[in-house]
Every structure is written in C-alpha cells, then in structure tokens.
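> Sequence isn't available, so here's the structure alone:
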C-alpha cells in the first residue's frame, strides 16, 4: 500500500504542477483537477502516519486546488473578458 500511495502522490503531484504551468488555458485548468485528486491520498497518508502538520498543509492545498477548479470549471467568465 505504501508504494501505491507514493506512486499516486508522484503522478498527481507532478502532473498537476506541469499542467498549471502550461500557457494554454485548456491544459492549465486540468492541473487544478489533478492537484485536487491528489489531496485525499495526501490526507490518508498524513493521518495514517500521524503527520499532523502535513495533514493541515494538505487541507490548505485541497482548498487552494478546489478554488482553481471552481474558477476554471464553475464560474462563468464575464462577457467583457
């Protein structure tokens, strides 16, 4: 299970940062989705190892990634933009 957690954190973490760094907004928006997808894995790992600082940090990251998902997928852009 430990190897699976590490692989998931690596895959979602690296892909989310890579995608957020893209210039094309079509790809950039998916970085927030992959970043948010990684957070349950981080939260599980932090709780199972009693790493409460990392757990709190993962909650903040989850909120931040969720804001990106909200801004790119839920909020409609203004007509003047």
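Alright, I've got the coordinates. Just so it is clear, the structure is predicted and the values come from calculations on it, not from any experiment.

> Now do the helices in this structure.
Ranges of helices within the chain are 2-20, 25-48, 52-69, based on DSSP state H.

> how about JSON lines for those helices, with mean neighbour count added?
Every residue, glycine included, has its C-beta placed from N, CA and C. Shown next, in JSON lines, are these (neighbours: other Cβ atoms under 10 Å):
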{"stretch": "helix 2-20", "mean neighbour count": "14"}
{"stretch": "helix 25-48", "mean neighbour count": "17"}
{"stretch": "helix 52-69", "mean neighbour count": "14"}
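
> ok, residue 47 touching residue 56?
No - the pair residue 47 / residue 56 is not scored as a contact, 11.1 Å apart, by Cβ atoms under 8 Å.

> follow-up on the earlier one: of all the helices of the chain, which one comes closest to residue 79?
Closest approach to residue 79 among the helices of the chain is made by helix 25-48 (17.1 Å; Cβ to Cβ).

> residues in contact with that closest one?
For helix 25-48, the external contacting residues (Cβ atoms under 8 Å, 6 or more residues apart in numbering) are 5, 8-9, 12-13, 15-22, 51-52, 54-55, 58-59, 61-62, 65-66, 68-69, 72-73.

> now with 6 Å?
With contacts defined as Cβ atoms under 6 Å, 6 or more residues apart in numbering, helix 25-48 is touched by 5, 8-9, 12-13, 15-16, 19-20, 22, 54-55, 58, 62, 65-66, 68-69, 72.
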